[in-house]
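Novice: need a structure here:
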Amino acid sequence: MIKKTLKFSAVLILILIIWFSFFKTYDHEINFEVNVPTGTMYDILSSDIGWRKLGKELDIKDKVVFKSFIQDIKINNTPFELQWKFENKNDTNAVVHLNLLNKKNSLAERYKCLFRTSEHLDSLVLISQAFKTKANTFATAFKIEINGKDTIPAQTYLYVDEQSKRDRKAGKMIKSNGQLFAKNRDSLVTKTGETFVYVQNWDLDTDDIQFRYAFPVKPQESYPEDDKVKVGQMNKRPALKATFYGNYSLSDQAWLALYNYAERQNIPIELTPIEVFYNNPMLGGDDRLWRAEVFMPLKKSSE
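Specialist: Residues are numbered from 1 along each chain as shown. As a prediction, this is how the structure comes out:
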């Protein structure tokens, strides 16, 4: 019995050694949690800004938007491959998995750390800690509550068409503000609700968006349209809803939370979010108390 146990243990150890030496696809693994949605963490890590502050260049060679990407980087003049993966912990928190591969001498790298620390690993731990701190600091600037399924109401609205990168939406809104609100100021229409953004297209690969900056109006026989300001009609639709608290330049973070929520709940959605703003940024105040309702329409049935 003892011989059989020893033989089995020896075979198991041999299998582990072979796997560790030749089949394992990475040398080290680092895991950490952050207080932001997976999409937000993906944005932070796949942006040049954070890496430049660390004196590194961002070189992404493969990606699955909001889920994973592979990055080439030099650590202490040694080439490494960083394999980033992002997992939902809950609606608004993520778990980050980082696998590290020494592209110059992988076998020596993984065995070295069995017996003593590696300066490469120490450097990569510091990098991961820096991004964890950055994400958790960013999380203090806003709050997101997932409210579940709701309904987008039917309404008539005036709008100005805009396009930009997702994170530059607020600048376009400010630019269009005077053109749009002149119609209400001059009493050409009666505003019946809060200002909103209606995204017509969100390209996940490029992060480009086309959207309408708008406010709802009372129906009337004709509308003061011109080469910039148009009239539109929104139909009643079911949607997922989140409530966002914070500066409206960051309100797209709720899109990412709703995207994650829909994936976790297996709910088909259309990438045409609608943001309804309940505070006037021109009045100032504590922007962490500004409120917006964010809707992500459910995908229409093919039946």
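
Novice: neighbours of residue 87, just the number please.
Specialist: Around residue 87 there are 14 other residues, counting by other CB atoms under 10 Å. For the C-beta atoms, the positions are set from N, CA and C on the backbone; glycine is no exception.

Novice: doesn't residue 98 make contact with it?
Specialist: No: contact status for residue 87 versus residue 98: not in contact, 11.8 Å apart, counting by CB atoms under 8 Å.

Novice: Show me what the helix or strand hosting residue 180 packs onto, helices and strands only.
Specialist: Applying DSSP states H and E as the criterion places residue 180 in helix 169-185. Helices and strands touching helix 169-185, by 3 or more CB pairs under 8 Å, 6 or more residues apart in numbering; DSSP states H and E, are strand 155-165, strand 208-216, strand 229-234.

Novice: so what strands line up beside the last one?
Specialist: I take that to be strand 229-234. Applying DSSP bridges, strand 229-234 is found paired with strand 155-165 (antiparallel).

Novice: Can you give me the buried ones in the strand it pairs with?
Specialist: 155-162, 164 (16 or more other CB atoms under 10 Å).

Novice: got it, and stretch 223-232?
Specialist: With burial defined by 16+ other CB under 10 Å, the residues of stretch 223-232 counted as buried are 223, 229, 231.

Novice: The stretch 51-200 of the chain: helices as residue ranges?
Specialist: 106-115, 119-139, 169-185 (DSSP state H, counting those that start in this stretch).

Novice: could those helices go into JSON lines alongside mean pLDDT?
Specialist: Below are those laid out as JSON lines (pLDDT from 0 to 100):
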{"stretch": "helix 106-115", "mean pLDDT": "53"}
{"stretch": "helix 119-139", "mean pLDDT": "90"}
{"stretch": "helix 169-185", "mean pLDDT": "87"}
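
Novice: how about these in TSV, adding mean neighbour count and distance to residue 196?
Specialist: Rendered in TSV, the data for the helices of the stretch 51-200 of the chain read as follows (neighbours: other CB atoms under 10 Å; distance: least, CB to CB, whole Å):
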stretch	mean neighbour count	distance to residue 196
helix 106-115	14	52
helix 119-139	16	25
helix 169-185	16	10
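
Novice: can you put those helices in JSON lines and add distance to residue 261?
Specialist: Converted to JSON lines, those look like this (distance: least, CB to CB, whole Å):
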{"stretch": "helix 106-115", "distance to residue 261": "37"}
{"stretch": "helix 119-139", "distance to residue 261": "17"}
{"stretch": "helix 169-185", "distance to residue 261": "21"}
